[in-house]
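> have a look at this prediction, sequence included:
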Number of protein chains: 2
Amino acid sequence: MEIIRVQSAGFCFGVKRAIRLAKEVADKYQDKNIYTFGPIIHNNDVVRELENKGIRIADNPEVKESVIILRSHGIEKQILEKLKKNRNIIIDATCPFVKKIHKCVELLTKENYFVVIIGDRGHPEVKGIKSYAEEGNYIIIENKKEIENMEINKRKLGVVVQTTQETENYLNICDELLKIKGEIRIFNTICDSTSIRQMETMEVAKKSDIMIVIGGKHSANTRRLVEISKLYCREVYHVENEKELKEDWFKNKKVVGVTGGASTPDYIIDKVIEKIRRIK
Amino acid sequence: MEIIRVQSAGFCFGVKRAIRLAKEVADKYQDKNIYTFGPIIHNNDVVRELENKGIRIADNPEVKESVIILRSHGIEKQILEKLKKNRNIIIDATCPFVKKIHKCVELLTKENYFVVIIGDRGHPEVKGIKSYAEEGNYIIIENKKEIENMEINKRKLGVVVQTTQETENYLNICDELLKIKGEIRIFNTICDSTSIRQMETMEVAKKSDIMIVIGGKHSANTRRLVEISKLYCREVYHVENEKELKEDWFKNKKVVGVTGGASTPDYIIDKVIEKIRRIK
């Protein structure tokens, strides 16, 4: 029996990288207080795993002389400055795609563009992004409706987009902005990790006799992976962990495909694959 | 009786300016051969009027030691260089809005953008615009269909738009381009002269007891002015020239509004207004 694991299954590149960096830090700075600034990801298993390695969560920039890990969403520029001033060692695990957005906002500001951030106001990534713009020289837009009621009378607009925005919403907003007579400079900074995961899942499903999709039963993006798998593979099972696997599913199967949703940690995918190997 | 003339009636700013410059040139260089490079506008009356002032049409860059008037559409860079080399005196009547597009293309090329020109391939304005891009570093797109069948794998796109493009077509094309992961810098160079003429016509129609709309009976943009006028004024007449005016239309009218389509020369509008004054 061959097992094919979808390469992009589970956490995205940025989250995986942040968790890896955090673990390295735990090993390197065993004599220091180590914090992530905010939970590294909204997944209790992962937060607990880091806690076991001595990494706690800080949410106050007053913390001093510790090791601070910046999570993949990034952090507000002013808070970062405060943390540095307080003689903390900063481990920057900000996703490189998010960092690129910070750079775009700085560039646009320097070149006198009025900055438009397409994204969710309350999201930590967007709070981080806006902190690189100048007060009064940026706007956050969540949807097309907002912009229809707005008067943007600037002649040079610079646009960036939160990494997890839907392309449809981004296009609808841009359509309104494109009507200004002047210049609009758009950085499409949407990250493809979700659509890449879906495409790769489709490719693996085509080759597999059975597909195992791992993720929360209520997770919308995991359920989408189940739907996609069903289009290309006869037998598809949605499980939350290795305990739900049943031996008889794998009888007479030559190729098993394994994929996982965005909130499924690698070690759960690993455990599922191990269990399938043992069944064989 | 008060007569209100719609300010933007008739030729757009760029065409009016080109004709004015041509007439000035005719007075200044009476001892020289004077040419417009291509007909200054597709209106025989105007071309004939300039001919009477000694201005002929050239279409060959080999012309030498003459005065050459560049029409409002602009001209290809290479032809302009040739004309200069042939010791011609160049009178640049290129519309400033078109010249701005040339500058945008030069800027985008210099800053390593791949240039996308939204416009009609065969139109002289677009031929002029593309001559400011580098060979192999630009593309002309007429409609959304074309771009769907195209693979644009550039990461830095710079977009300019022919002045007379419809906003709808421009937005549809941009929607496809906006999907690239990278940067897109768009100069919305559509000229508002048509929509401004319509808005001003509406404003004048609101105040008038009678509206006279001047322009070809088959001219689509003139007929649109008739429709708009009818929404706001009880009595609207569409005429091609002053001969069609009838005295009894103006009985008991206090305010007369006068507007004209994009191909209606000023002097025809003037003659209509004169005749109305005489009726009064």
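That came in fine, so what should we check first?
> tell me which element the residue nearest to residue A:171 when sequence neighbours are not counted is part of?
Take residue A:171 and drop its neighbours on the chain: the residue closest to it by CB to CB, 6 or more residues apart in numbering or on different chains is residue B:175, 5.4 Å away. C-betas here are computed from N, CA, C, even on glycine. Here residue B:175 sits within helix B:167-177, counting by DSSP states H and E.
> what mean pLDDT does that helix get?
For helix B:167-177, mean pLDDT is 92.
> show me what counts as buried in that helix.
B:169, B:170, B:171, B:172, B:173, B:174, B:175, B:176, B:177 (16 or more other CB atoms under 10 Å in any protein chain shown).
> now it and helix A:167-177, what's the angle there?
For helix B:167-177 against helix A:167-177, the angle between stretch directions is 140 degrees (axes from the mean of the first three to the mean of the last three CA atoms, to 10 degrees).
> quick one: helix B:167-177 to chain centroid distance?
21 Å (CA atoms, centre = their mean, to the nearest Å).
> show me what that helix is packed against.
helix A:167-177, strand B:114-118, helix B:144-148, strand B:156-161, strand B:183-187 (3 or more CB pairs under 8 Å, 6 or more residues apart in numbering or on different chains; DSSP states H and E).
> not counting its neighbours along the chain, what's nearest the residue of chain A found nearest chain B?
Nearest to chain B, among the residues of chain A, is residue A:185, at 4.4 Å (CB to the nearest CB). In space, and not counting its chain neighbours, residue A:185 is closest to residue B:185: 4.4 Å by CB to CB, 6+ apart.
> isn't the one you found up against residue B:158?
Yes - counting by CB atoms under 8 Å, residue B:158 is a contact partner of residue B:185 at 4.9 Å.
> of the two, give the one with the bigger neighbour count.
Legend: neighbour count by other CB atoms under 10 Å in any protein chain shown for residue B:185 and residue B:158, higher for residue B:158 (26 against 20).
> okay if I get the buried residues of helix B:167-177 as JSON lines plus distance to residue A:238?
Formatted as JSON lines, the buried residues of helix B:167-177 follow (distance: CB to CB, whole Å):
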{"residue": "B:169", "distance to residue A:238": "45"}
{"residue": "B:170", "distance to residue A:238": "45"}
{"residue": "B:171", "distance to residue A:238": "40"}
{"residue": "B:172", "distance to residue A:238": "39"}
{"residue": "B:173", "distance to residue A:238": "41"}
{"residue": "B:174", "distance to residue A:238": "39"}
{"residue": "B:175", "distance to residue A:238": "35"}
{"residue": "B:176", "distance to residue A:238": "35"}
{"residue": "B:177", "distance to residue A:238": "38"}
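> which pair in the residues you listed has the greatest spatial separation?
Every pair in the buried residues of helix B:167-177 was compared (CB to CB); the two farthest apart turn out to be B:169 and B:177, at 12.9 Å.
> residues making contact with the helix holding residue B:175?
Contacts of helix B:167-177 with the rest of the structure, by CB atoms under 8 Å, 6 or more residues apart in numbering or on different chains, involve A:171, A:174-175, A:178-179, B:116, B:118, B:141, B:143-144, B:147-148, B:152, B:157, B:159, B:161, B:184, B:186, B:188, B:190.
> which among those count as buried?
A:171, A:174-175, A:178, B:116, B:118, B:141, B:147, B:157, B:159, B:161, B:184, B:186, B:188, B:190.
> so who does residue A:82 touch?
A:61, A:62.
> that one: what secondary structure?
Secondary structure, DSSP: H, G, I helix; E, B strand; the rest coil: residue A:82 is helix.
> that one and residue A:68, how far apart?
Distance from residue A:82 to residue A:68, counting by CB to CB, to the nearest Å: 11 Å.
> with residue A:198 instead?
35 Å.
> next: residue A:128.
In terms of CB to CB, residue A:128 sits 14 Å off from residue A:68.
> with residue A:219 instead?
According to CB to CB, residue A:219 and residue A:68 sit 30 Å apart.
> now swap in residue A:43 and tell me
20 Å.
> which one of the two has more residues nearby?
Remark: of residue A:43 and residue A:68, residue A:68 carries more neighbours, 24 against 18, as counted by other CB under 10 Å.
> partners of the strand or helix carrying that one, with directions?
Secondary structure assignment for residue A:68, by DSSP H and E: strand A:67-70. Strand A:67-70 sits in its sheet next to strand A:34-37 (parallel), strand A:89-92 (parallel), going by DSSP bridges.
> quick check, distance from it to the centre of its chain.
In terms of CA atoms, centre = their mean, the centre of strand A:67-70 is set 18 Å apart from its chain centre.
> stretch A:196-209 now?
21 Å.
> residues contacting stretch A:262-275, please?
So stretch A:262-275 is in contact with A:3, A:5, A:9-12, A:16, A:41-43, A:45-46, A:193-194, A:197, A:212, A:214-216, A:219, A:221-222, A:239, A:241-242, A:245, A:258, A:260, going by CB under 8 Å, 6+ apart.
> so residue A:190 makes contact with residue B:181?
Yes - under the criterion of CB under 8 Å, residue A:190 makes contact with residue B:181 at 7.3 Å.
> before we move on, back to that, report the beta-bridge partner residues of the residue of chain A closest to chain B.
residue A:158, residue B:185.
> give me every residue that touches residue A:141.
A:116, A:117, A:118, A:119, A:147, A:150, A:173.
> for these, which one is nearest residue B:277?
Within those, the smallest distance to residue B:277 is 46.5 Å, found for residue A:150 (CB to CB).
> the residue in chain A sticking out farthest from the centre: what secondary structure?
Distance from the C-alpha centroid of chain A, by CA atoms, centre = their mean, peaks at residue A:252 (37.4 Å). Classification of residue A:252 by three-state DSSP places it in coil.
> how confident was the prediction at it?
So residue A:252 comes in at 93 (pLDDT).
> swap in the one 3 residues further on?
pLDDT recorded at residue A:255 is 97.
> same deal with residue A:86?
Residue A:86 is given a pLDDT of 95.
> likewise for residue A:153?
76.
> tell me the secondary structure at it.
coil.
> now it: how far from residue B:171?
Applying CB to CB, the value for residue A:153 to residue B:171 is 19 Å.
> show me which residues of the stretch 51-200 of chain A sit near chain B.
Residues of the stretch 51-200 of chain A lying close to chain B (CB under 8 Å from any CB of the partner chain) are A:167, A:170-171, A:174-175, A:178-188, A:190, A:192.
> which residues in the stretch 151-280 of chain A form strands?
Using DSSP state E, counting those that start in this stretch, the strands assigned to the stretch 151-280 of chain A run over residues A:156-161, A:183-187, A:210-214, A:235-239, A:255-260.
> now for the first one, which elements pack on it?
Spelled out, that is strand A:156-161. helix A:96-110, strand A:114-118, helix A:167-177, strand A:183-187.
> one more time with 6 Å
Identification of packing neighbours for strand A:156-161 by 3 or more CB pairs under 6 Å, 6 or more residues apart in numbering or on different chains; DSSP states H and E yields helix A:96-110, strand A:114-118, strand A:183-187.
> the fourth one too?
Contact here means 3+ CB pairs under 6 Å, 6+ apart; on that basis strand A:235-239 packs against strand A:210-214, helix A:220-232.
> how about a markdown table for those, with mean pLDDT added?
A markdown table is the format used below for these (pLDDT from 0 to 100):
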| stretch | mean pLDDT |
| --- | --- |
| strand A:210-214 | 97 |
| helix A:220-232 | 91 |
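> give me whichever of the ones you listed is most buried.
strand A:210-214 (a mean of 27; mean count of other CB atoms under 10 Å in any protein chain shown).
> distance from that one to the middle of the chain?
22 Å.
> contacts made by it with the rest, please.
With contacts defined as CB atoms under 6 Å, 6 or more residues apart in numbering or on different chains, strand A:210-214 is touched by A:205, A:225-226, A:229, A:233, A:235-239, A:253, A:256-260, A:264, A:269, A:272.
> for residue A:187, what are its contacts?
Counted by CB under 6 Å, 6+ apart, residue A:187 has contacts A:104, A:160, B:183.
> of those residues, just say which sits nearest to residue B:27.
Taking CB to CB as the measure, residue B:27 sits nearest to residue B:183 out of those, at 49.2 Å.
> so for the closest one, what's the pLDDT?
For residue B:183, pLDDT reads 95.
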